[in-house]
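**Q** sequence isn't available, so here's the structure alone:
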């Protein structure tokens, strides 16, 4: 696994096997949501602490040593099913895919819940009206409940970039989203007059 914020499709595909088993067990215990939250916290730690990410992925760390270290760090503090999954991955030489596990579990969780992640990057914070319209548009296109993940990037110099998060949706969805460009621009033009949001669709 790379230590970047995003895993490759191949890494996610491998991690998906573990994610599916983890989700099934967590759901049977009524802990699907809790595991999702713990994985999100682990992702933050992986992204902010290169030493921790390297500890999980380095071939120089002995499997047994890593197992003992994981127990010391997380036993009693992490969901037992999640820790067991990390230990199984370690025993199979896959502990370096911990970040990919986070992404695969999130995708499987969303699929189970009928949700879809939508990354929204804008030059300024979204207005409530625009946020609601985006939810309605994505819901009508995908048939799923959109989970907006918003970020602000002033360097967009006015603009909105949308990305439906994963490749389980074919390119027609992106084409349809691009097709609403003018509708959204027309709506935004009124907000420009009052100094609010201007945006453009991602190509």
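**A** In hand now; what should we look at? None of the values given here were measured: they were computed from a predicted structure. Numbers count the residues shown, from 1 in each chain.
**Q** the bottom helix or strand of the chain by mean pLDDT?
**A** For the chain, using mean pLDDT, DSSP states H and E, the weakest element among its helices and strands is helix 171-179, scoring a mean of 46.
**Q** give the contact list for residue 135.
**A** Going by CB atoms under 8 Å, 6 or more residues apart in numbering, residue 135 touches 146, 148. C-beta coordinates here come from the backbone N, C-alpha and C atoms, glycine included.
**Q** what do you get if the cut-off is 6 Å, keeping everything else the same?
**A** In this structure, residue 135 makes contact with residue 146, judged by CB atoms under 6 Å, 6 or more residues apart in numbering.
**Q** now it. Its backbone dihedrals?
**A** phi -60, psi -40 (degrees, to the nearest 10).
**Q** helices of the protein, start to end?
**A** 9-28, 32-48, 50-57, 63-74, 80-91, 98-113, 128-142, 171-179, 181-193 (DSSP state H).
**Q** where does pLDDT dip in this protein?
**A** For the chain, applying pLDDT under 70 flags the ranges 1-6, 156-160, 164-203.
**Q** can you tell me the centre-most residue of it?
**A** residue 103 (5.3 Å; CA atoms, centre = their mean).
**Q** how close does that residue get to residue 66?
**A** Note on residue 103: its distance to residue 66, by CB to CB, to the nearest Å, is 21 Å.
**Q** and if you look at residue 146?
**A** 38 Å.
**Q** of those two, who's got more company?
**A** Under the criterion of other CB atoms under 10 Å, the comparison of residue 146 against residue 66 puts residue 146 first, with 21 against 18.
**Q** so that one makes contact with residue 117?
**A** No. Residue 146 is beyond contact range of residue 117, at 7.8 Å (criterion: CB atoms under 6 Å).
**Q** please name the nearest non-neighbouring residue to residue 16.
**A** Once flanking residues are discounted, residue 16 sits nearest to residue 104: 4.3 Å by CB to CB, 6 or more residues apart in numbering.
**Q** that neighbour - how many residues pack around it?
**A** For residue 104, using other CB under 10 Å, the count is 26.
**Q** give the contact list for it.
**A** Taking CB under 6 Å, 6+ apart as the test, what residue 104 contacts is 12, 15, 16, 19.
**Q** export those to JSON lines and tack on neighbour count and distance to residue 124?
**A** Formatted as JSON lines, the contacts of residue 104 follow (neighbours: other CB atoms under 10 Å; distance: CB to CB, whole Å):
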{"residue": "12", "neighbour count": "23", "distance to residue 124": "32"}
{"residue": "15", "neighbour count": "26", "distance to residue 124": "35"}
{"residue": "16", "neighbour count": "18", "distance to residue 124": "36"}
{"residue": "19", "neighbour count": "25", "distance to residue 124": "35"}
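**Q** out of the residues you listed, who's nearest residue 161?
**A** residue 12 (21.7 Å; CB to CB).
**Q** could I get the helices of the chain as a markdown table with distance to residue 121?
**A** Listed next are the helices of the chain as a markdown table, based on distance: least, CB to CB, whole Å:
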| stretch | distance to residue 121 |
| --- | --- |
| helix 9-28 | 21 |
| helix 32-48 | 18 |
| helix 50-57 | 25 |
| helix 63-74 | 33 |
| helix 80-91 | 30 |
| helix 98-113 | 18 |
| helix 128-142 | 12 |
| helix 171-179 | 14 |
| helix 181-193 | 14 |
